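Undergrad: Sequence isn't available, so here's the structure alone:
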C-alpha cells in the first residue's frame, strides 16, 4: 500500500464467483491453479505489486467465502464478501463493501497475469482526472456483424476497435450511480457509458488476456513458467 500518493482511496474489486464452464474444470474458475497458485491469488498479488491499491475486496460464491480467504495476503487490507447470481450482482456487493473508496478498480481474477505496471497506469489516469479508464488492445482479427440467419451484414473497420481488458477504473461515485441504473451490460464501462460518461482507453497488455478456455490455461501455465518474478512497480 502506498500511503504517500494522495488523499484518494483506491479499492480493487475482484469478482471471483464465476463458474467458468468453458474452462472445463471441476471448480470455479478463479480457484483453478496456474503454476501451483490459484488464479485469484495471482490476480491479488498483481494488484498489491502495483503499489497503487489501498484495499482489495474479493467477491466469491457464498459457499467458497472461507476458501477465498486463503488468498488474502497477510498484512494487507483485504476482505471477502459473498457474490450474487450474476457478475453485476457480485460487483454491486463489492461496491457496498467499499464505502470509503474514492476510486474503484474492477479486475477479473481470470486475468491473473496482468502486469502490475498496467494496473498502475490505470490508476495514474484516474488520478489525472479521467472519470473512467479501461485498458484495450487492437483487434487482430477481421470482425463481421451477422444477422439471425448468420448472414454477414457488415465489416467494421478494425482500426477503430479495441478488445477491452481489466482492471477497469472509475471514480467511485460514478460507478455507484451506474450500478444504481440496474440495467444489463457486458462490462462496467458499458454501465457508465449509459450515464453519458466519457471512457478513456489506454494501451492494454497482451499478458492481461482472460483465461477462459483450456488453451488459455495451457498458455498461462507456459507463460508463468517463464516469468518467475512479478514486475513490481517501484
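TA: Ah, there it is. A quick note: this is a predicted structure, and the numbers were derived from the prediction, not measured.

Undergrad: Following the chain past the strand or helix carrying residue 59, name the next helix or strand.
TA: Residue 59 is part of strand 55-60 when elements are defined by DSSP states H and E. Counting by DSSP H and E, the element after strand 55-60 in chain order, helix or strand, is helix 65-68.

Undergrad: contact partners of the helix or strand following that following helix?
TA: Tracing the chain past helix 65-68, the next element assigned as helix or strand by DSSP H and E is strand 78-82. Residues outside strand 78-82 that contact it (Cβ atoms under 8 Å, 6 or more residues apart in numbering) are 44, 55-62, 65, 68-69, 72, 93-94, 96-97. For the C-beta atoms, the positions are set from N, CA and C on the backbone; glycine is no exception.

Undergrad: mind listing what residue 138 touches?
TA: Contacts of residue 138 by Cβ under 8 Å, 6+ apart are 158, 159, 161, 162, 163.

Undergrad: my guess is the last one meets residue 139, correct?
TA: Pointing back at residue 163 there. Yes. The pair formed by residue 163 and residue 139 meets the contact definition of Cβ atoms under 8 Å, at 5.6 Å.

Undergrad: Let me see the ranges of the helices in this structure.
TA: Per DSSP state H, the chain carries helices over the ranges 39-49, 65-68, 87-96, 116-127, 172-179, 188-193, 214-225.

Undergrad: Lowest average confidence across these, which one?
TA: Lowest mean pLDDT of the helices of the chain: helix 65-68, a mean of 90.

Undergrad: so what does that helix touch, helix or strand wise?
TA: Here helix 65-68 touches strand 55-60, strand 78-82, going by 3 or more Cβ pairs under 8 Å, 6 or more residues apart in numbering; DSSP states H and E.

Undergrad: try it again with 7 Å
TA: The contact analysis (3 or more Cβ pairs under 7 Å, 6 or more residues apart in numbering; DSSP states H and E) places helix 65-68 against strand 78-82.

Undergrad: Tell me how far the strand it packs on lies from the chain's centre.
TA: Per Cα atoms, centre = their mean, to the nearest Å, the displacement of strand 78-82 from the mean C-alpha position of its chain is 16 Å.

Undergrad: buried stuff in the lowest-mean-pLDDT helix or strand in the chain?
TA: For the chain, counting by mean pLDDT, DSSP states H and E, helix 65-68 ranks last in confidence among helices and strands (a mean of 90). Buried positions in helix 65-68, judged by neighbour count with 16 or more other Cβ atoms under 10 Å: 65, 67, 68.

Undergrad: re earlier: give me the buried subset of the contacts of strand 78-82.
TA: Buried among those by 16+ other Cβ under 10 Å: 44, 55-61, 65, 68, 72, 93-94, 97.

Undergrad: now the residue minimising distance to the centre of the chain: how far from residue 69?
TA: Central residue check for the chain by Cα atoms, centre = their mean: the C-alpha nearest the mean position is that of residue 107, 1.7 Å away. As judged by Cβ to Cβ, to the nearest Å, residue 107 and residue 69 stand 18 Å apart.

Undergrad: ok, now which ones touch the residue lying closest to residue 52 once chain neighbours are set aside?
TA: Once flanking residues are discounted, residue 52 sits nearest to residue 123: 4.1 Å by Cβ to Cβ, 6 or more residues apart in numbering. Applying Cβ atoms under 7 Å, 6 or more residues apart in numbering to residue 123 gives the contacts 10, 52, 169.

Undergrad: Having no further points to raise, I will conclude here.
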